[in-house]
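Peer 1: prediction below, plus the sequence it came from.
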Amino acid sequence: MESWKVGLLFSETGVTSIIERSQLNGALLAIDQINAKGGVLGRPIEPVRYDPASIVRRYGELAETLIVEDKIGVIFGCYMSSSRKEVLPVVERRNALFFYPTLYEGFEYSPNVIYGGACPNQNSVPLANYLMNAYGKRIHFVGSDYIYPRESNRVMRNVLRQGGGEVTGEVYFDLEAKAGDFAAVVDEIMQVKPDAIFSTVVGQACIEFYKAYHAAGGNGRECPIASLTTNEGEIAAIGPEASAGHITAAPYFRSINSAANRRFLKAYEAKFGSTVDVTSCCEATYAQVHMFARALEETGEIDTESLREALLGASFDAPQGQIKIDPDNNHTYLQSRIAKVDEAGEFAIETKVRRAIKPDPYLVYPAIHDWSFRTLKVAGGGRRNE
């Protein structure tokens, strides 16, 4: 039987593999579920996967391989913005459809891309408001040295400025940075004493930074590291002692208590043996594959224009909650949550918005909003997950 072939472009080795392997798993799980129900129009989905090994230029080269040599017109892939920027001209030139399941810095639109991760108004703005209200207005920036951290910090600086906040320092590190490389900035943080740290350090270097901060006496309960990128996979590697008190803003956390998420986690554990590496990027990939399959069932062909028309405005009951692809900009209406790592090393959700936030990739609207967050509490003053 002829299959529907799709490309998977996630690194299984290298510095960003800790996240990209979970994205790959999310895609493979969704494909398994779709095929177990008879595939799409009686034909199975067949993944063709390549490992770019976290080497930025390889993403573009392998996207070309998938489209030209493997004759594949739909690709799911990429974590870092720099790798997305390598794939973007390839899919535009070849008129392929590219699903990007990762949060990013915004300020981009391509008719050949379906953006499945959070853009700044869905994570940066709520996080900045939360930090200024809960901890204070003096924030220190630490990031990896590539497009996303620099642009994310530019956005965060503007949001803080609108709220009367202050950036106490800003420094960037190589993606291969080790624990010792962070000694100077950790010393600076201890001297400056900001109210919180905003981290856009990614991959293995993220783990090294959190460990270095803890080893130097940094305490997440007093001065937390707040991030948009630090997910369950990194927290597991950092360990509960060094990660307790630190904060992440994301559409999805493994600890969400809902029927859809319980089904997702049960299926994930059955296939991969554990849910320890389930992240928001994994969940986004899983949802994007399912949404693609529904669009394919409607169109009956892998054609970029037809699929895009079917996808725009489409909704899906994802593990995070209801999501929808915005026909205005190819981005996705997403939930917005802020969570703090508890003593057991699990994200405990502190706040969430009441409904999915419309994506605003160009931050057209004012950054300081009443987001209608609600704090999740239980009797006795404690907090609970959703």
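Peer 2: Thanks, I have the structure now.

Peer 1: switch to C-alpha atoms for all contacts and neighbour counts from now on
Peer 2: Fine.

Peer 1: quick check, P149 in a strand?
Peer 2: No: the assignment for P149, made by DSSP: H, G, I helix; E, B strand; the rest coil, is helix rather than a strand.

Peer 1: do I have it right that it meets L175?
Peer 2: No: shown here, P149 and L175 do not form a contact pair, counting by CA atoms under 8 Å, at 11.3 Å.

Peer 1: neighbour-wise, which of these two wins?
Peer 2: P149 (24 against 18; other CA atoms under 10 Å).

Peer 1: wait, doesn't Y146 sit right on S82?
Peer 2: Yes: between Y146 and S82 there is a contact at 6.9 Å, judged by CA under 8 Å.

Peer 1: in contact with the closest residue to I235 other than its chain neighbours, which residues?
Peer 2: Nearest residue to I235, sequence neighbours excluded (CA to CA, 6 or more residues apart in numbering): S243, at 6.4 Å. Counting by CA atoms under 8 Å, 6 or more residues apart in numbering, S243 makes contact with 210, 220, 235, 341, 345.

Peer 1: distance to I325, neighbour count and secondary structure for the residues you listed - can I get that in CSV?
Peer 2: Output for the contacts of S243, formatted as CSV (distance: CA to CA, whole Å; neighbours: other CA atoms under 10 Å; DSSP: H, G, I helix; E, B strand; the rest coil):
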residue, distance to I325, neighbour count, secondary structure
Y210, 34, 26, helix
G220, 35, 23, coil
I235, 30, 23, helix
V341, 30, 24, strand
G345, 32, 21, coil
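
Peer 1: could you dump those residues into CSV and include pLDDT?
Peer 2: What follows is these, written out as CSV (pLDDT from 0 to 100):
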residue, pLDDT
Y210, 98
G220, 97
I235, 94
V341, 97
G345, 94
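
Peer 1: got those residues as JSON lines, with distance to A183 columns?
Peer 2: Listed next are the contacts of S243 as JSON lines, based on distance: CA to CA, whole Å:
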{"residue": "Y210", "distance to A183": "11"}
{"residue": "G220", "distance to A183": "17"}
{"residue": "I235", "distance to A183": "20"}
{"residue": "V341", "distance to A183": "23"}
{"residue": "G345", "distance to A183": "24"}
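
Peer 1: for the stretch 151-300 of the chain, give me the ranges with low pLDDT.
Peer 2: Regions of the stretch 151-300 of the chain meeting the criterion pLDDT under 70 are absent.

Peer 1: and the strands in it?
Peer 2: 166-173, 196-200, 225-227, 247-250 (DSSP state E, counting those that start in this stretch).

Peer 1: out of these, deepest packed?
Peer 2: strand 247-250 (a mean of 29; mean count of other CA atoms under 10 Å).

Peer 1: look up how far E64 lies from G39.
Peer 2: 26 Å (CA to CA, to the nearest Å).

Peer 1: whoops, P319 was the one
Peer 2: P319 sits at a distance of 32 Å from E64 (criterion: CA to CA).

Peer 1: settle it for me: which of the two has more neighbours?
Peer 2: P319 (26 against 20).

Peer 1: without its sequence neighbours, what residue ends up closest to that one?
Peer 2: N261 (4.2 Å).

Peer 1: and for the one you found, the neighbour number?
Peer 2: Counted with other CA under 10 Å, N261 comes out at 21.

Peer 1: contact partners of stretch 311-327?
Peer 2: 114, 251-253, 256, 258, 260-262, 264, 283, 287, 291-292, 295, 330-335, 356, 358-359.

Peer 1: could you pull out the buried residues of that stretch?
Peer 2: 311-315, 318-321, 323-326 (16 or more other CA atoms under 10 Å).

Peer 1: then that stretch to CSV, C-alphas only?
Peer 2: Provided in CSV are the C-alpha atoms of stretch 311-327 (Å, rounded to 0.1, in the frame of the first residue of the first chain):
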residue,chain,number,x,y,z
LEU,A,311,-5.1,24.1,8.3
LEU,A,312,-5.9,27.8,8.7
GLY,A,313,-8.6,28.1,11.3
ALA,A,314,-8.4,24.4,12.2
SER,A,315,-8.6,23.6,15.9
PHE,A,316,-7.5,20.6,18.0
ASP,A,317,-8.0,19.3,21.5
ALA,A,318,-4.3,19.1,22.4
PRO,A,319,-2.9,17.9,25.7
GLN,A,320,-2.4,21.6,26.7
GLY,A,321,-6.1,22.4,25.9
GLN,A,322,-7.9,23.7,22.8
ILE,A,323,-5.6,25.2,20.2
LYS,A,324,-6.3,26.8,16.8
ILE,A,325,-4.2,27.9,13.8
ASP,A,326,-4.7,31.6,13.2
PRO,A,327,-5.7,32.2,9.6
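
Peer 1: average pLDDT for it, rounded please.
Peer 2: For stretch 311-327, mean pLDDT is 98.

Peer 1: quick check, distance from it to the centre of its chain.
Peer 2: 16 Å (CA atoms, centre = their mean, to the nearest Å).

Peer 1: now swap in stretch 228-238 and tell me
Peer 2: The answer for stretch 228-238 is 11 Å, by CA atoms, centre = their mean.

Peer 1: make residue 1 into 28 and carry on from there
Peer 2: Understood, numbering begins at 28; the last thing we discussed is stretch 255-265.

Peer 1: in that stretch, what's buried?
Peer 2: Neighbour-count burial for stretch 255-265 [16+ other CA under 10 Å]: 255-262, 264-265.
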